[in-house]
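Undergrad: coordinates only, sequence not included:
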């Protein structure tokens with residue numbers, strides 16, 4: 001399997017097996033220049049990565065704006081865009097973002113999973129992207145708003161899908177319980193799950209992935225490095241954005257040790273592992289430079305023999 005191989009999702013949308021996450025393009029933790037953002041997006045597109053995921057949350061619209069500028073003038077049929085609903089951006093004179101260094105601080109986020117909020121959110125995203133449409137809308141992080149997401153946001157998204165405004169409905173989260181519930185109680189098309197199906201964490205196996213297979217729901221696996229520990233498992237490495245426990249660090253180091261015995265990089269294995277499950281259709285990886293895109297493509301495309309995965313079973 002190669003990074004630019006395409007897979008047809010249940011709604012007919014075709015996406016590359018490796019896809020681009022863009023929280024970094026909102027300046028997550030570290031500022032990124034407009035030029036580097038453009039180079040990152042174009043490096044992905046020009047190398048066959050056709051699926052780009054963004055959200056109003058990422059830099060309070062900055063990621064969407066930068067993606068729109070990078071892709072202006074490009075053939076719209078050559079890429080698939082997903083963005084999210086659930087956080088409206090409303091005017092503010094006081095809000096300072098502590099996590100996204102390139103955030104637009106003239107606005108602040110307001111959770112809103114109402115039907116009106118869904119339409120308003122999409123309108124804002126399209127304006128920032130400079131596009132007439134997006135293919136996919138994810139319900140974003142309805143952790144404390146699951147009922148509203150299911151009873152209000154989903155029916156409106158379903159109407160939009162029926163009207164042809166969007167092609168697919170999803171839910172994007174970093175926990176499994178709510179997406180599993182949404183799969184069972186609605187007719188969503190896909191789940192973007194961050195960090196819960198990786199070499200280090202397979203909580204998605206307990207309910208989410210079986211439910212997805214049963215209901216023919218496509219899974220996009222994100223957070224495959226678990227925020228850093230699987231990129232470089234050393235003391236101080238982060239897991240879910242906080243310092244990893246000694247137990248998790250030891251497990252990550254053991255995984256690396258097994259892989260090194262086969263001369264396989266931890267990066268390659270982390271990128272390829274999720275696609276071994278039949279429910280997972282694409283792996284979404286965040287990048288902040290064209291060089292990172294190139295590195296991830298190279299590592300994704302390396303061959304890993306079955307014997308390697310077999311030897312990892314006891315560790316995983």
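TA: Structure's in. What do you need? This one's a predicted model, so the numbers in the text were calculated from it and none came from an experiment.
Undergrad: rest of the way, CA atoms for contacts and neighbours
TA: Noted.
Undergrad: so how far is residue 175 from residue 112?
TA: 20 Å (Cα to Cα, to the nearest Å).
Undergrad: out of the two, which sits in the busier spot?
TA: Counting neighbours by other Cα atoms under 10 Å for residue 112 and for residue 175 shows that residue 112 has the greater number, 21 against 17.
Undergrad: quick one, phi/psi of residue 75?
TA: Main-chain dihedrals, residue 75, degrees, to the nearest 10: phi -60, psi 120.
Undergrad: now the one 5 residues further on
TA: Listed backbone geometry of residue 80 is phi -120, psi 130, with angles given as degrees, to the nearest 10.
Undergrad: which residue, other than its chain neighbours, is closest to it?
TA: In space, and not counting its chain neighbours, residue 80 is closest to residue 51: 4.7 Å by Cα to Cα, 6 or more residues apart in numbering.
Undergrad: does the one you found touch residue 9 like I think?
TA: No - applying Cα atoms under 8 Å as the test, residue 51 and residue 9 come out as separate, 11.9 Å apart.
Undergrad: which residues do the two both contact?
TA: Here residue 51 and residue 9 have residue 15 as joint contacts, going by Cα atoms under 8 Å, 6 or more residues apart in numbering.
Undergrad: give me the more crowded residue out of the two.
TA: Using other Cα under 10 Å, the more surrounded residue of residue 51 and residue 9 is residue 51, with 25 against 18.
Undergrad: OK, contacts around that one?
TA: Contacts of residue 51 (Cα under 8 Å, 6+ apart): 15, 16, 18, 19, 20, 79, 80, 81, 82.
Undergrad: any idea how far residue 277 is from it?
TA: Residue 51 sits 20 Å away from residue 277, going by Cα to Cα.
Undergrad: check residue 129 too.
TA: Distance from residue 129 to residue 277, counting by Cα to Cα: 33 Å.
Undergrad: helix or strand for the residue nearest to residue 149 when sequence neighbours are not counted, which one?
TA: Distance criterion Cα to Cα, 6+ apart; nearest residue to residue 149, sequence neighbours excluded, is residue 113 at 5.5 Å. According to DSSP states H and E, residue 113 maps onto no helix or strand at all.
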